[in-house]
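Chemist: Build me a model from this:
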Amino acid sequence: MEADLRFRAMGSDAHVIVLGDPHLLDLARDRVDDLEQRWSRFLPTSEVSRMNAARGVEHVVSSETYTLVERSIAAWARTDGRFDPTVLGDLVRAGYDRPYLGIAVHATGGASVLRRNCGGIQLDPRRSTVMLPRDAGFDPGGIGKGLAADLVVAELLAAGAEGACVNLGGDLRVEGHGPAGGRWIIAVEHPTDEAPAATLVLQSGAVATSTTTRRVWLVDREPRHHVIDPATGRSSRRSIVAATAVAGDAAAAEVAATMALLAPAGGELAAFDELRCDGLVVDQAGTVRTTIGLDPFLATAVAVPASVALR
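Modeler: Numbering: from 1, shown residues only. Here you go, the predicted structure:
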């Protein structure tokens, strides 16, 4: 039996599909809510908010939060800082100092003395502690949604689901038996066209999209968005407006999509190759470019209905 559920979570639209017991949808929603309570920088009681409020102090955190920080640091190291989870000060200065709905109503530039210093984060795996440097804050960003999708899918399968798909605002993970002959069909939304940028076929794995066309606001007539370029500390300015990565897990796909979006002009597809994954990018003119390795994932031979729309 196939069942699905749509709801709001982590500031995004969430979509969960389960093949098996439909009651597992409640498990998925509760678990996503649990992770949001741990990781949201907008909830003062979250573990991430407590870490940010007391920088320079060790915090004992849950295994989920420890993994989130550990994966974020690893992504920063692997991308030579082109992915950086310590852009919190830059986000605040850009005006992203409250949930996006509040920015959409009234956008203003924020003030923060925080700088980027991912290398200063200290982890102690024996005690499961995290200590942020005194001069930097941590923002889970997209990698948090990707990791949440990974965790929830694994737990749904462990609870007896034959197959599961979790899509959290464009960070998607699928595993197990899919509804289309055992496969999962994913339509990747085009940022400027009604037709999908691509339709992908997966047996298992993850897809993540990063875009500069959503969560956009103006401060003093200057466009701002949530994708911060660590090289400048400002909202990125590239001809590429969307990047989608296919990888083994959603956290890795999110990092790859962000890295491709921030790559120098002409180097976007090479960014996917560097992280050993595949993907596509869309520029301001609406032109779609794909890696050669994406071809086996493209549903070009047959017309198939999408299991889920990735947006």
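Chemist: Report the contact partners of residue 190.
Modeler: The neighbours of residue 190, taking Cβ atoms under 8 Å, 6 or more residues apart in numbering as the test, are 196-197, 242, 282, 286, 288. Bear in mind the C-beta positions are built from the backbone N, C-alpha and C, glycine included.
Chemist: Format those residues as a markdown table; extra columns: secondary structure.
Modeler: Output for those, formatted as a markdown table (DSSP: H, G, I helix; E, B strand; the rest coil):
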| residue | secondary structure |
| --- | --- |
| 196 | coil |
| 197 | coil |
| 242 | strand |
| 282 | strand |
| 286 | coil |
| 288 | strand |
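Chemist: Format those residues as JSON lines; extra columns: distance to residue 118 and pLDDT.
Modeler: Output for these, formatted as JSON lines (distance: Cβ to Cβ, whole Å; pLDDT from 0 to 100):
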{"residue": "196", "distance to residue 118": "35", "pLDDT": "93"}
{"residue": "197", "distance to residue 118": "31", "pLDDT": "94"}
{"residue": "242", "distance to residue 118": "25", "pLDDT": "93"}
{"residue": "282", "distance to residue 118": "28", "pLDDT": "96"}
{"residue": "286", "distance to residue 118": "34", "pLDDT": "94"}
{"residue": "288", "distance to residue 118": "32", "pLDDT": "97"}
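Chemist: Need the buried ones from the residues you listed selected in PyMOL.
Modeler: Selection of the buried residues among the contacts of residue 190 in PyMOL, burial being defined by 16 or more other Cβ atoms under 10 Å:
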select buried, resi 196+197+242+282+288
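Chemist: mind putting the contacts of residue 190 in a markdown table, distance to residue 156 included?
Modeler: Listed next are the contacts of residue 190 as a markdown table, based on distance: Cβ to Cβ, whole Å:
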| residue | distance to residue 156 |
| --- | --- |
| 196 | 26 |
| 197 | 28 |
| 242 | 28 |
| 282 | 31 |
| 286 | 36 |
| 288 | 32 |
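Chemist: now, which of the contacts of residue 190 sits nearest residue 29?
Modeler: residue 196 (26.6 Å; Cβ to Cβ).
Chemist: How about the closest one, nearest residue that isn't a chain neighbour?
Modeler: With Cβ to Cβ, 6 or more residues apart in numbering as the criterion, residue 196 has its nearest non-adjacent residue at 4.3 Å, and that residue is residue 187.
Chemist: Does that neighbour touch residue 201 like I think?
Modeler: No - with contact defined as Cβ atoms under 8 Å, residue 187 does not reach residue 201; the gap is 10.9 Å.
Chemist: Next, work out how far apart the residue nearest to residue 196 and residue 172 are.
Modeler: 11 Å (Cβ to Cβ, to the nearest Å).
Chemist: Please apply the same query to residue 39.
Modeler: 18 Å.
Chemist: How about residue 228?
Modeler: Distance, residue 228 to residue 172, by Cβ to Cβ: 23 Å.
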